[in-house]
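**Q** Provided below for reference: sequence and predicted model.
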Amino acid sequence: MHSSHLLHHLVSATAAQDAARIALVSGGSPMSYGALQAGVDAFAAGLVALGLARGERVGLYLDKRPEFVVAAFGCSAAGGVFVPVNPILKAEQVDHIVHDCSVRVLVTTPERLATLAATLAGCHDLRHVVLVGRCTERPRLDGASVHLWDEVLQAPARAGHRVIDADMAAILYTSGSTGRPKGVVLSHRNMVAGARSVASYLSNHAGDTLLAALPLSFDAGLSQLTTAFHAGARVVLLNYLLPRDVLKAVERERVTGLTAVPPLWIQLAQLEWPATVTEHLRYIANTGGRMPLDTLGRLRSQLPRTRPFLMYGLTEAFRATYLAPEEIDRRPDSIGKAIPDAEVLVLREDGSECAPNEPGELVQRGALVAMGYWNDAERTAERFRPLPAHAPGREAGLVLPEIAVFSGDTVRRDEEGFLYFIGRRDEMIKTSGYRVSPTEVEEILYATGLVGECVAFGLPHPALGQSIAVIATPLPGATLDTAALLAECRARMPAYMVPTRIEVRDGPLPRNPNGKLDRKALAAE
């Protein structure tokens with residue numbers, strides 16, 4: 001492991017020490033740290049040649065492939081800010097992200113660009129599109145120049161803009177409890193500190209092979225890159241269709257560390273793992289929701305030599321807690337203790353610390369706390385707030401405030417300091433490892449023009465964590481065809497957002513005292 005203070009140093013430090021070491025494997029093809037560094041330098045020079053200014057945003061709408069990694073770390077080296085866009089998002093969601101953070105350069109494929117052409121024409125800040133992959137005919141886009149990947153990499157060598165560790169490095173979009181996804185702004189310090197912290201408790205080292213099965217637009221997915229590069233390890237990029245593909249990759253590439261979300265673990269636990277996997281799979285890690293105990297038990301019985309790490313976190317602070325493997329039998333329902341270089345507090349509404357086993361809000365402080373939500377002062381002020389003067393770690397002589405992230409999650413801490421998750425204060429739906437805003441679902445339903453009123457909410461589901469249910473009313477004087485509505489949902493939403501159940505009622509739907517549709521009452525029914 002090495003000392004880095006900017007994100008792209010995670011690659012350059014290992015490249016300087018051992019350029020021949022393998023950094024990435026994609027489709028069976030390896031890429032060394034030296035080759036990765038050469039790509040990072042070339043792409044950074046290409047971005048500067050395109051006129052990218054310090055702190056401007058570069059959108060990455062790609063599946064997991066070496067060009068994504070080169071572009072992300074190359075953007076960092078250029079002094080820009082990369083914005084990973086989940087490749088399963090549809091044009092409407094991509095358009096929102098590109099508009100919201102004023103993306104200046106978009107890196108994508110010709111096939112994906114074709115689906116976005118109509119919406120991108122209205123993006124007034126977009127100046128350049130860089131196409132990855134085969135392009136038979138260069139497309140035209142009003143207001144933006146279209147470049148081929150190899151052309152950008154051929155720009156003359158030049159240094160990127162000077163940045164420091166407090167500057168922005170990335171914006172990760174995550175759904176909030178109201179409205180469209182919001183961009184969590186991460187600094188170089190956030191990302192490097194997160195890589196160092198996770199690598200320390202997972203004991204990552206240069207001999208590790210991590211499987212990147214999660215989307216790189218997720219903090220946990222992106223963490224597979226940063227953690228591996230911090231340790232000088234290699235990462236296998238996997239775009240899988242079936243859970244068995246994950247298992248095959250673990251065996252084929254002799255993976256030592258696998259991180260996944262509960263729905264995938266549930267599927268993997270139902271498969272028969274090759275006996276040889278236990279020779280190399282050193283740990284498994286769960287994130288994005290609680291892993292069912294039955295699933296954990298099935299995995300442990302098949303992987304007796306593999307250490308399970310149960311993790312809890314939020315995009316606004318990368319990662320918060322983990323439960324050490326040796327504690328799982330004693331307290332399987334705990335989310336553990338704070339990760340290294342972070343402090344987790346349990347506070348009452350007045351900011352005072354809760355007593356043991358008293359429910360309170362989980363509040364995180366330290367170098368992993370993000371820079372807030374992009375261009376959203378109101379929601380930033382709700383979630384990122386100054387620590388109370390009397391909070392642990394705050395002495396009376398400290399004059400400047402310290403900003404912590406208030407999670408909105410209710411937890412309790414036992415007498416030994418272990419934390420237990422109780423519930424979410426907001427109405428977020430956690431499904432398939434994704435956080436889905438019910439309001440965003442409702443907005444899309446209204447946009448179909450088929451519903452009068454609608455309410456979306458989550459219901460407990462054994463495999464998904466929660467499934468998305470909708471209660472809707474027809475338009476006045478019309479009937480509501482649920483099959484037609486579901487077809488519209490599939491066309492407008494990524495698969496994880498499509499409701500699994502739609503119930504039609506005559507309107508109007510019940511309201512709360514404030515006149516808003518009463519989602520909680522409807523969900524309780």
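**A** The structure has been received and is ready for your questions.
**Q** Show me the domain layout of the chain.
**A** 9-189, 429-524 (automatic domain parsing).
**Q** where exactly do the strands run in the stretch 1-150 of the chain?
**A** Here the stretch 1-150 of the chain has its strands, by DSSP state E, counting those that start in this stretch, at 22-26, 29-32, 57-60, 81-84, 103-108, 128-131, 145-148.
**Q** Got the confidence number for residue 55?
**A** For residue 55, the pLDDT comes out at 98.
**Q** Return the backbone torsion pair for it.
**A** Main-chain dihedrals, residue 55, degrees, to the nearest 10: phi 80, psi 0.
**Q** Give the burial count for it, as a bare number.
**A** Residue 55 sits with 14 neighbouring residues when counted by other CB atoms under 10 Å. Yep, even glycine has a C-beta here, placed from its N, CA and C like the rest.
**Q** Turn the strands of the stretch 1-150 of the chain into a markdown table, columns for mean neighbour count and distance to residue 363.
**A** Shown next, in a markdown table, are the strands of the stretch 1-150 of the chain (neighbours: other CB atoms under 10 Å; distance: least, CB to CB, whole Å):
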| stretch | mean neighbour count | distance to residue 363 |
| --- | --- | --- |
| strand 22-26 | 21 | 36 |
| strand 29-32 | 15 | 41 |
| strand 57-60 | 26 | 29 |
| strand 81-84 | 26 | 27 |
| strand 103-108 | 27 | 32 |
| strand 128-131 | 23 | 40 |
| strand 145-148 | 16 | 45 |
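**Q** could you dump these to TSV with distance to residue 473?
**A** Formatted as TSV, the strands of the stretch 1-150 of the chain follow (distance: least, CB to CB, whole Å):
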stretch	distance to residue 473
strand 22-26	48
strand 29-32	53
strand 57-60	37
strand 81-84	37
strand 103-108	37
strand 128-131	42
strand 145-148	45
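**Q** Of all these, which one is nearest residue 509?
**A** Smallest distance to residue 509 across the strands of the stretch 1-150 of the chain (CB to CB): 36.4 Å, for strand 81-84.
**Q** Centre of the chain to the closest one, how far?
**A** Relative to its parent chain, strand 81-84 has a centroid offset of 12 Å by CA atoms, centre = their mean, to the nearest Å.
**Q** same deal with stretch 17-24?
**A** 26 Å.
**Q** same deal with stretch 395-403?
**A** In terms of CA atoms, centre = their mean, the centre of stretch 395-403 is set 31 Å apart from its chain centre.
**Q** and if you look at stretch 184-198?
**A** Worked out by CA atoms, centre = their mean, stretch 184-198 lies 13 Å from the chain centre.
**Q** Closest to the centroid, which residue in this structure?
**A** With distances taken as CA atoms, centre = their mean, residue 218 lies nearest the centre of the chain, 1.8 Å away.
**Q** show me the contacts for that one.
**A** 86, 172, 288, 433 (CB atoms under 8 Å, 6 or more residues apart in numbering).
**Q** and which of the residues you listed is nearest residue 256?
**A** residue 288 (20.9 Å).
**Q** So that closest one: helix, strand or coil?
**A** Put simply, residue 288 is coil when judged by DSSP: H, G, I helix; E, B strand; the rest coil.
**Q** contacting residues for it?
**A** 218, 220, 261-262, 430, 433-434 are the contacts of residue 288 under CB under 8 Å, 6+ apart.
**Q** Please produce JSON lines containing those residues, extended by secondary structure.
**A** Formatted as JSON lines, those follow (three-state DSSP):
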{"residue": "218", "secondary structure": "coil"}
{"residue": "220", "secondary structure": "helix"}
{"residue": "261", "secondary structure": "coil"}
{"residue": "262", "secondary structure": "helix"}
{"residue": "430", "secondary structure": "strand"}
{"residue": "433", "secondary structure": "coil"}
{"residue": "434", "secondary structure": "strand"}
